[in-house]
Structures are given as C-alpha cells and as structure tokens.
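K.L.:
sequence first, predicted coordinates after that:
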Amino acid sequence: MKNSVDTSIQYLKGIGPKRAKAFAAVGIKTVEDLLYYFPRRYEDRTKFSPISKLQEGTFQTIKAQVLVKGKRSSFRRRGFSITEVIVGDETGKISCVWFNQPYLSEYFKVGQSVILYGRVQRYGAKLQMNSPEFELALEQEPLSTGRIVPVYSLPQRVGQRTMRALVKSALDEYLGQITDCLPYDIRARNNLLNLATSLISIHFPENESLRLKAFERLSFEEFFIFQLPLAMRKLNKKEKKGLIHKTEGKLIDDFLSNLTFELTASQQNVLKEIKKDMSGPLAMQRLLQGDVGCGKTVVAACACVIAAQGGYQAAFMAPTEILARQHYEKIKSQVSSLKSEVRIGLLTSSVDIKEKENISKDICEGKIDLVIGTHALLEEGVEFCNLGLVVIDEQHKFGVGQRALLPAKGANPDVLIMTATPIPRTLAITLYGDLDVSVINEMPKGRLPIKTLYFNEDEKRKAYAIARMELAKGNQAFIIYPVIDESVALDLAGAKRMFQELKSSEFKGFRLGLIHGRLDEKEQKTIMASFKDRKLDALISTTVLEVGIDIPNATCMIIEHAQRFGLSQLHQLRGRVGRGEKESTCILIADSKTEESKARIEAMVNFNDGFRIAEEDLKIRGPGEFFGSRQHGLTELKIANPLTQMHLLKRAREDALKLIASDQRLELRPNIQLKQKILQRFPEYEKLMLVG
C-alpha cells in the first residue's frame, strides 16, 4: 500500500531491490523498520572552528569557501584516484582529500560555501582533513554538519550521508502514516512526547533536551510493549488452577537423607519456596537463578521427586544431549537407593526409532515417573499420562514458543525454569514479570573460588606449563578453542589441528581427547565417558562444553583466543572447573585489540560472582545482545536499557499491569493499536497469550 509504513524498504527512493538486501541483513525490511533503526551515537557539529585554530588529531567542523579543486592519480596504485579541495575562511586555509571518489571533483565548484566535518591530520608540514563529511552551506536543511548529527550502524556499502538522507526521506514521506500506539492518558501521566515528535527528535534532534525526551518516550514504549504480555501471563496465572502436590512424605525425606552432601541454606530456602508453590492451588511458574555450580539441579531433582511422590510425572528438558545425559545419570544415581522406585527415562534425538517408540509408550502409559531429555520431548509423539511438573534447564537456550510447548502436554502442570545466566534480582523480577523468582546465592560447602589468569598470545607456553603441573598431580584439564578448524582469515587456531599439535609437543606423554559439535552424539558420549573415568588427562574442545558438564577432577581450563568469546560464555566455560574441593585455575589466552574485549577479560580476572559478571556484561554489550533473541524478544529493546533505566521500566510495568487489569485481551478501542504492535513484534504471543 502506497505511503504505508509496512511498505518494503526497496520502494523508498534511493534503495531499490539490490540495496534492499543489504538493509534486510541488518533487520530493515520495511519503512517502519528504518524509522525505528535508531542512531548508535551522535556528534555535536553545531560549533564551527576557525581554520587557524584547528588542532591535529581532533574532529572539527569548519565553514569555508572552495578555493581550489583538483584530481590526481596515485603513483603507487594504478586506477586509484585522489580528489583534493583546498578551502579557506578569513583565518586560513586547509586541504581536504578524498580517496577513490573521482565524482567529487564535479561536485565541488570554486567559490562555493561548504561545511565540512572530519579528523584533522598532519601531512608533511601541513594539516589536512582526510575524507571529511561535507554539505553545501546553501542547503536549506543540512543533515551531516552544523547540527547534532546522528551516526548509524550501517548496512553494507551504505555511507552515513546516504543513511541520513534515506531516514530523512522516510520521515518526510511516511511519518504521518504512523499511529501512536501509546494511549493518551499513559503519555500524559508519564509526561511523554507523542510518537511523531519522538521519531523526528531521535534521528535529527534540534537540541540535546529534545533528544533526551525522545529517548525517554521511545524507551518507555519498548518497555511498555515488552511488559504487556508479561502482565497478561501474570493475570492468566492467577486465573488458572494448578495441581496440588503432596510436598511432605517418605519419598522426599528418603531422597534428601540419601544425598552424599547437605543442601546449603540457600538451596533449602529455594526448596521451601518451591514446596509452597507446589502445594498451593495455583500452578507454579518459578524462575530459579543461580551461578554456575551452585546446585540448581539437585533442587530441581527434589521437585521431580515431590511430583512422583503424589503420582505425577515430571519432564526435565535440557538444551544439549551431553547435559541431558549428565542430568539423567546424576539423578538416577541419587534415586537408585530409594526404597520406593522412581522410574527414570532418557529421551534425546540420538535415541534410535525403536527405542524412542518404547520410551514414548512407557511415558504415555505412566510407566516412567521422570523423563529427562532434549527438544525430543517436544515431539508430537511424546504424550504424558499425568504430567505434573516441567523443569526447563538453561532456559535462555529455548525460544518462548518452545518453552510453552512442554507444559501444554499436561493439565496446567507446575513449571520450574532454571538459568545460570543470573541478573540482579530486582531486574529479574521486573523483566520476568510473569514468573516468581528464586535465587541460589551460595556455593556448596568446600567449593573454592576459581583463580583466573590472563596471558597474551606470546605467553601461552606459561599457560601450558601450569596445565602440565596440574596433570602431573593427577588432575585433569580442558583446553578450549572458538572454532573446530583453524581460520586463516580470522587468524584463529582450531581445535582439530591443535589437538594433533599439542599431543606431540606441549602435552606429549599425556592422554588427550578431542570433542566438538561435528561429532555425532554417540562419539561425544564415548569421549566424555572416557574423560569422566579419568582415561584421558586433558580434553581439547570447542564450546560444546559451555553448559552443565560436571567433572570434579578437572582443575585447570585454558581458553585460547578468549577475546572471541562473550563474557557470559567465558563465565559458563570457567564453571566447568572448580566443581570439586581442589583449587582450580582458568587461564585466558587473548590478543585483545578492542576496548570491549579488554573489558571482558578484565571482568573475568576481577570477578567470580555470576551476578557481578552479568552486570558487567550488560554494561559492555547492552540489553539486546545480553539477553539474546530467544529471551522474551528482548533484542527488540533497540533503544531502552533495563540496567540504566530501571525507574522507567518500573513505571512501564505498573502502567502495563493497570491496563491489563481493565482490558485483559486489549480489545477496547484505544488499545487495539497496542495489540497490533505486540503481535507485530512478538508474533508467538498470539498463540500463547492473546487468544482464548
């Protein structure tokens, strides 16, 4: 439809089908996507500097007249041209050069007034500007100079000047077609700008005050739209009757008394919260947060035993086969000595068809009390006789829709969701508004903090020496690489080649194994079993080990090319050592060239606590990257930041709860636009929350 914000970006003047592909690669498919593609930063180019006052190494804006223009070829590279323009004002003159843009020689005319912005650099005895941005001073509304100028993350082969012109064109032509989805009373109560003013002022602010007001309005809108579905789920939860479990009894007492360790005070407190939920009339919807190795799994196992005690089935879903199998073996050993049998099954994608059919049949007939598995549990052929509890481990690895599928296989079962990617409790309560939040903030008795060391690439032999010392003591080690095969382009060593190299050099005489994601599940299982049984001294691996692997005898981890990993990922990997009572070490080998990678390494060396790591990660990456596309659609937070705008998030949450209390399905006329906006951004919510 012409002039609709749903119009494909290719129809915007200056784009076309070919360039549209580059825009689609950064998430811009429609005109509306472009309007909501916000600048990553701004440059204040409102102040003009006299040419005589320009300083080397600084970015400056000048207003001058074209004195001389010329074009020359590079004597070093054939076909490489240099366009040079000398401009001057009443205080002096300066040369401006552009490389390989010959058309510019036709753009500039001697005598023209121009505005230029760029870095001032020294060339020989004189100062010059290399490839400055420019606009004619006669242009009625300059976009790149003489104002607060937006700077965008760019699609491939699109320059900043072009991007600004396209955004301005979209605003001029389509802004009137955008409907403000925020009801007027909410805007008035929170003193927010209308949408049209906000979009103009976030892209091309007249002043800093307007930019900040636009930022607040658009941040509130994102938080509000994110909070509405959570408010719906919270209200639905109040209306849905759950199963009443028998939380006290001989089976759970025997299970706890047969454990080879005592639960920490924090684990006991969380178990009380879970028991209270499971014994109540409403279905449990609880998020269990806890750092790597804090003992979330045994608490989840207690909940599964409670379900079995009352004759209900429990389903425990993990993101990988290695982790699912580990949970299966650990929980099976914990329940094996119980007087009353708890029948456990394992269901993963690698189970052959015949065995899968048998396990599915046993689940359907109620012959399995607890089934542990991967995404295979979600398959249509897997039906439960009496599903009473669903446990989802490492919940951020599953999509919103996937997490809803497993509970749907029962009559409103209790749900316990676990994550080892902790965030501050107040933030968790606000972000996961539909869930009650429990936190295990205490490590098991005897667990020592992991010492983290950093070496640059030239010092890696020191790291190998530390690992060899650990192996000589009879301990085990992990050596992690970011890729399976080496990459010449990225200058990365790969796990496969380094496995061959290390076993004949630095670790000659030790038993090394290799594991990575391209091996089939059977091979991975065999290698992990060998490592667990101490038939291997060190394991060369990729991030297939990121979550859940429990080898108490592993006391050393080396992470090669650590700058290639995210902070949360580094912390997860580090959690694979230090799971016994021995002192453990994690060594980061990195060649950090960016400020972000340096910040990640510094955080790893300084902090062991997962909550502190998460805070640092949020600061470094921002909320969209931190939470990931699977986390309730939080990558849709293109501008808002829950860490720095908690006050705004809380206000948005309060308004969302009020609105849903008065219009649960957003069916009243003033709220129709909101409903459409939610379904546009989070289409999965139509099935989960907005129908029936």
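P.N.:
That came through fine.
K.L.:
which stretches of the stretch 51-200 of the chain form helices?
P.N.:
For the stretch 51-200 of the chain, the helices defined by DSSP state H, counting those that start in this stretch cover 104-107, 160-174, 184-189, 195-203.
K.L.:
now swap in the stretch 551-692 of the chain and tell me
P.N.:
567-574, 595-606, 610-621, 623-627, 646-662, 672-681, 684-688.
K.L.:
I'd like to know which elements the longest one is packed against.
P.N.:
Other elements packing on helix 646-662 under the criterion 3 or more C-beta pairs under 8 Å, 6 or more residues apart in numbering; DSSP states H and E are helix 184-189, helix 208-239, helix 425-431. The C-beta positions use only the backbone N, C-alpha and C, and glycine is treated the same way.
K.L.:
do that again at 6 Å, thanks
P.N.:
In this structure, helix 646-662 packs against helix 208-239, with contacts taken as 3 or more C-beta pairs under 6 Å, 6 or more residues apart in numbering; DSSP states H and E.
K.L.:
right, and the helix or strand after the helix it packs on?
P.N.:
Toward the C-terminus, helix 208-239 is succeeded by helix 250-258 as the next helix or strand (DSSP states H and E).
K.L.:
ok now the next helix or strand after that next one, how far from the chain's centre?
P.N.:
On the C-terminal side of helix 250-258, the nearest following helix or strand under DSSP H and E is helix 265-279. Helix 265-279 has its C-alpha centroid displaced from the chain centroid by 29 Å (C-alpha atoms, centre = their mean, to the nearest Å).
K.L.:
parallel or antiparallel, list what pairs with the very next helix or strand once past helix 265-279.
P.N.:
Remark: after helix 265-279, the chain's next helix or strand is strand 285-290, criterion DSSP H and E. For strand 285-290, the pairing partners within the sheet under DSSP bridges are strand 414-419 (parallel), strand 436-440 (parallel).
K.L.:
and among the ones you listed, the most buried is which?
P.N.:
strand 414-419 (a mean of 24; mean count of other C-beta atoms under 10 Å).
K.L.:
for the helix or strand in which residue 356 is found, list the C-alpha coordinates in CSV.
P.N.:
Per DSSP H and E, residue 356 falls inside helix 353-364. Provided in CSV are the C-alpha atoms of helix 353-364 (Å, rounded to 0.1, in the frame of the first residue of the first chain):
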residue,chain,number,x,y,z
ILE,A,353,13.5,-45.0,16.4
LYS,A,354,12.5,-48.3,18.1
GLU,A,355,13.8,-47.3,21.5
LYS,A,356,12.2,-43.9,21.1
GLU,A,357,8.8,-45.6,20.4
ASN,A,358,9.2,-47.8,23.5
ILE,A,359,10.2,-44.8,25.8
SER,A,360,7.3,-42.8,24.4
LYS,A,361,4.9,-45.7,25.0
ASP,A,362,6.1,-46.0,28.6
ILE,A,363,5.7,-42.3,29.2
CYS,A,364,2.1,-42.4,27.7
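K.L.:
which parts of stretch 229-242 are buried?
P.N.:
229-237, 242 (16 or more other C-beta atoms under 10 Å).
K.L.:
show me the shaky parts of the stretch 251-400 of the chain.
P.N.:
Scanning the stretch 251-400 of the chain for pLDDT under 70 picks out 395-400.
K.L.:
buried deepest among the helices of the stretch 51-200 of the chain, which one?
P.N.:
When the helices of the stretch 51-200 of the chain are compared using mean count of other C-beta under 10 Å, helix 195-203 is most buried, at a mean of 20.
K.L.:
dump it to CSV, restricted to CA.
P.N.:
What follows is helix 195-203, C-alpha atoms only, in CSV (Å, rounded to 0.1, in the frame of the first residue of the first chain):
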residue,chain,number,x,y,z
LEU,A,195,5.4,9.4,18.6
ALA,A,196,5.9,11.7,15.6
THR,A,197,7.9,14.3,17.6
SER,A,198,9.9,11.5,19.2
LEU,A,199,10.9,9.9,15.9
ILE,A,200,12.0,13.2,14.4
SER,A,201,13.9,14.2,17.5
ILE,A,202,15.7,10.8,18.0
HIS,A,203,17.1,11.0,14.4
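K.L.:
against which helices or strands is that helix packed?
P.N.:
Going by 3+ C-beta pairs under 6 Å, 6+ apart, helix 195-203 lies up against helix 208-239.
K.L.:
the helix it packs on to strand 285-290, inter-axis angle?
P.N.:
120 degrees (axes from the mean of the first three to the mean of the last three C-alpha atoms, to 10 degrees).
K.L.:
quick one: which of the buried residues of stretch 229-242 is nearest residue 462?
P.N.:
Distance to residue 462 across the buried residues of stretch 229-242 (C-beta to C-beta) is lowest for residue 230, with 48.8 Å.
K.L.:
so that closest one touches residue 432, yeah?
P.N.:
No: assessed by C-beta atoms under 6 Å, residue 230 is found out of contact with residue 432, at 7.3 Å.
K.L.:
where along the stretch 351-500 of the chain do the helices fall?
P.N.:
Applying DSSP H, counting those that start in this stretch to the stretch 351-500 of the chain gives helices spanning 353-364, 400-405, 425-431, 460-472, 495-503.
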